[in-house]
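*Asks:* Quick one: sequence and predicted model below, then my questions.
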Amino acid sequence: MPSTAVSNKRRFYLRRPFVLAVVAIIGYGVAAAMHWDDRGLLWVKERFESSAERSESVWLPDYQADIDAKVLPGMEEDEASDIAYSPSTRTLFAVMGKHPFLVELSLDGDVLRKIPLVGWSNPEGVAVLEDGYLAITDERLHDLTLVKVDARTTSLNHADFLSYDLGESVKSNKGFEGVAWDPMRQRLVIGEERPPKLYTWRTDGRSPLNGSKQLLENDELDLRNLSALSVDPRTGHLLALSADSNMLLELDEQGQQASFMTLLGGFNGLKHTIPRAEGVSMDEHGNLYMVSEPNLFYRFKKKP
């Protein structure tokens, strides 16, 4: 073997431990950032759950997409931000953040009407309460507004409704995104995007909010960011969506992790990874609905 080749081979073997160490450090950093270690522990825990325990939760591993990346026509530049199910109309309401408006959708993701949101800056979250009331959070205005919507509503003006100051967030453009109505506990659950935090605000869903928002301590929110929230009306479990983690996480009534679903292509019936999941909601039958930027609609149903 030529001396040059021998020398190169010797240098390769000398460098290999260093290269492997660098690869290991990078791999560990990526795994920690993506919380793969936490997901691995939860995955192992899920394998030991009994059928009775699974039936008492949403149990996200059993969900499969039956509407996969349906395009919402004419909304390519509007950036879907959140979605909420209305049991009274059996329709969905989604907020679009870039050009603020509310859009009503059928459960199949068909556009029924668009309602301009006048005076909003960057609506990021929406929740359906009682008797036609909706709560809308605005990330730039740092507020939550209660609006009333019925079949005759054609436009909503921010100045016409009662708004509540949510306060400044740690990061100016990573503020309050998620909001969900919890009918069992008579409260709104509000989520701060980064670092992920949960707050609650008491209300009966029909009248002004009571008191002020309260921090909901939780050390189980192992997500890179918090994009949206929803409450399962059957179990009261909280669903936390993270676009950066490509994940939907279920928390039980004690705030403990119960199950999760990855939003990567090839899993749970998805052909492709959801580009940027920004909204989630669940109806009384356990069907899941999601929206992704820029204008994609998804529906998941539980396998028999």
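*Replies:* Nice, thanks for sending it over. Numbering: from 1, shown residues only.
*Asks:* now the strands for the stretch 201-304 of the chain?
*Replies:* Here the stretch 201-304 of the chain has its strands, by DSSP state E, counting those that start in this stretch, at 210-216, 228-231, 238-242, 247-251, 257-262, 277-282, 288-292, 296-302.
*Asks:* which one of the ones you listed is the most hemmed in?
*Replies:* Comparing these by mean neighbour count (mean count of other CB atoms under 10 Å), strand 228-231 comes out on top with a mean of 28. Heads up, the C-betas are built off the backbone N, CA and C, glycines and all.
*Asks:* one step back: make CSV out of the strands of the stretch 201-304 of the chain and add mean pLDDT and distance to residue 269.
*Replies:* CSV is the format used below for these (pLDDT from 0 to 100; distance: least, CB to CB, whole Å):
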stretch, mean pLDDT, distance to residue 269
strand 210-216, 95, 32
strand 228-231, 98, 19
strand 238-242, 98, 17
strand 247-251, 97, 13
strand 257-262, 95, 10
strand 277-282, 98, 15
strand 288-292, 98, 11
strand 296-302, 98, 7
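*Asks:* quick one: contacts for residue 168?
*Replies:* For residue 168, the contacting residues are 142, 175, by CB atoms under 8 Å, 6 or more residues apart in numbering.
*Asks:* Nearest to residue 191, out of the strands of the stretch 201-304 of the chain?
*Replies:* Closest approach to residue 191 among these is made by strand 228-231 (4.8 Å; CB to CB).
*Asks:* Off-centre distance for that closest one?
*Replies:* Chain-centre distance of strand 228-231: 6 Å, with CA atoms, centre = their mean, to the nearest Å.
*Asks:* ditto for stretch 182-189
*Replies:* Chain-centre distance of stretch 182-189: 17 Å, with CA atoms, centre = their mean.
*Asks:* Start from the N-terminal end of the stretch 51-200 of the chain and give the strands.
*Replies:* Going by DSSP E, counting those that start in this stretch, the stretch 51-200 of the chain shows strands at 63-71, 80-86, 91-96, 101-105, 111-118, 123-128, 133-138, 143-148, 156-157, 162-165, 176-182, 187-192, 197-202.
*Asks:* which residues are contacting the second one?
*Replies:* Spelled out, it's strand 80-86. 72, 91-97, 105, 123-128, 134, 177-181, 228, 230, 278-283, 289-297.
*Asks:* can you check stretch 63-73 too?
*Replies:* 80, 103, 105, 108-109, 111, 261, 268-272, 274, 288, 291-292, 295-303.
*Asks:* pretty sure residue 294 contacts residue 78?
*Replies:* Yes - with contact defined as CB atoms under 8 Å, residue 294 reaches residue 78; the gap is 6.9 Å.
*Asks:* neighbour count winner among the two?
*Replies:* When residue 294 and residue 78 are compared for neighbours, residue 78 comes out ahead with 21 against 18, by other CB atoms under 10 Å.
*Asks:* And the residue nearest to the more buried one when sequence neighbours are not counted, how far from residue 123?
*Replies:* In space, and not counting its chain neighbours, residue 78 is closest to residue 96: 4.0 Å by CB to CB, 6 or more residues apart in numbering. Distance, residue 96 to residue 123, using CB to CB, to the nearest Å: 8 Å.
*Asks:* what sits in contact with each of those two?
*Replies:* 81, 102.
*Asks:* where does the stretch 1-150 of the chain dip in pLDDT?
*Replies:* When residues are selected by pLDDT under 70, those of the stretch 1-150 of the chain lie in 1-54.
*Asks:* ok, residue 205 - contacts?
*Replies:* Here residue 205 is in contact with 129-131, 133, 181, 183, 186 (CB under 8 Å, 6+ apart).
*Asks:* at 7 Å what do you get?
*Replies:* Contacts for residue 205 were tallied using CB atoms under 7 Å, 6 or more residues apart in numbering; they are 129-130, 133, 181, 183.
*Asks:* and the gap between it and residue 130?
*Replies:* Residue 205 sits at a distance of 4 Å from residue 130 (criterion: CB to CB).
*Asks:* One more: residue 222?
*Replies:* From residue 222 over to residue 130 (counting by CB to CB), the distance is 32 Å.
*Asks:* before we move on, back to that, could the strands of the stretch 51-200 of the chain go into TSV alongside mean neighbour count?
*Replies:* Formatted as TSV, the strands of the stretch 51-200 of the chain follow (neighbours: other CB atoms under 10 Å):
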stretch	mean neighbour count
strand 63-71	16
strand 80-86	25
strand 91-96	24
strand 101-105	21
strand 111-118	15
strand 123-128	26
strand 133-138	24
strand 143-148	20
strand 156-157	17
strand 162-165	14
strand 176-182	26
strand 187-192	24
strand 197-202	18
